[in-house]
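Undergrad: Predicted model follows, preceded by the sequence.
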Amino acid sequence: MALRNILTSENETLKKVCRPVTSFDDRLATLLDDMKETLAAANGVGLAAPQVGILRRAVIVDLGDRMIELVNPKILETSGEQDGMEGCLSVPDHYGLVKRPNYVKLEAQDRHGDWFEYEGEELIARCFCHELEHLDGHLFTEKAYHMLTDEEMDQLMQNQEKDAE
Ligand SMILES: [Zn+2]
C-alpha cells in the first residue's frame, strides 16, 4: 500500500466526469487500498478516486468502525434534510454550510464487482452525496450557500472549546 497525493481544487482533474470502473482487477484493489491508507492518514471522512488523480468511479467512506468501498455507486433514494458544515480534503482549511438529504440509500459494487445496497443517515448520508459529486466533477463549494469566513471559523473553534469544558 502507498499514500497517494491528494489534489487540491485548482487542479482541472477534479472538474472532470469519471468513467465507470470496468476491470475488477489487482489494479483496482491497489487503488482502493491506497485510497484507504490516504484517507486514514489525512483524517478525512471520505475520499473519491479523482482526488488522487484517477478518473474512475470509486469512493471510500469512513463509517467510524470500518471503511466502505463504493465502486460505480448510484444513489437510489434520498429523504429528509440536514443543514450543516462541510469540508473537503481537496479544499483545505475552508468550510461551508451545505444542505443535504438526511437519508441516502445507494447501490454500488465491491472490489470484486458484486453489487450491494447501503444506507446511511446524517454524516454518512452527507458524505455519500459529497463523494458522489466528486465523480461528476463537482466540489461542495458549488453547493455551499455560505462559506465560513476566518472570523466565523475562529468563533466556531472558541465555541467548541467552551462546549468541551
Ligand atoms: Zn471532497
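TA: Happy to help now that I have it. Numbering: from 1, shown residues only.
Undergrad: what's residue 59 sitting at in phi/psi?
TA: phi -140, psi 150 (degrees, to the nearest 10).
Undergrad: just so I have it, where are all the helices in the chain?
TA: 26-42, 123-134, 140-143, 150-164 (DSSP state H).
Undergrad: So residue 2 sits against residue 34, correct?
TA: Yes - the criterion here is Cβ atoms under 8 Å, and residue 2 meets it with residue 34 at 5.3 Å. Using the backbone N, CA and C atoms, a C-beta is placed for each residue, glycine as well.
Undergrad: per-residue confidence for the residue lying closest to residue 91 once chain neighbours are set aside?
TA: Spatial nearest neighbour of residue 91, excluding adjacent residues (Cβ to Cβ, 6 or more residues apart in numbering): residue 9 at 5.0 Å. pLDDT, residue 9: 94.
Undergrad: and residue 9, how far is that from residue 141?
TA: According to Cβ to Cβ, to the nearest Å, residue 9 stands 7 Å off from residue 141.
Undergrad: now do residue 109
TA: For residue 109, the distance to residue 141 - Cβ to Cβ - is 29 Å.
Undergrad: Name the residue in those two with the higher neighbour count.
TA: residue 109 (21 against 15; other Cβ atoms under 10 Å).
Undergrad: Please give me every residue in contact with the residue nearest to the more buried one when sequence neighbours are not counted.
TA: Of all residues not flanking residue 109 in the chain, residue 71 sits nearest, at 4.2 Å (Cβ to Cβ, 6+ apart). If you count contacts by Cβ atoms under 8 Å, 6 or more residues apart in numbering, residue 71 has them with 21, 24, 28, 32, 57-59, 108-111, 113.
Undergrad: Any idea what residue 71 is bridged to?
TA: Residue 71 has these beta-bridge partners by DSSP bridges: residue 58, residue 109.
Undergrad: ditto for residue 147
TA: residue 96.
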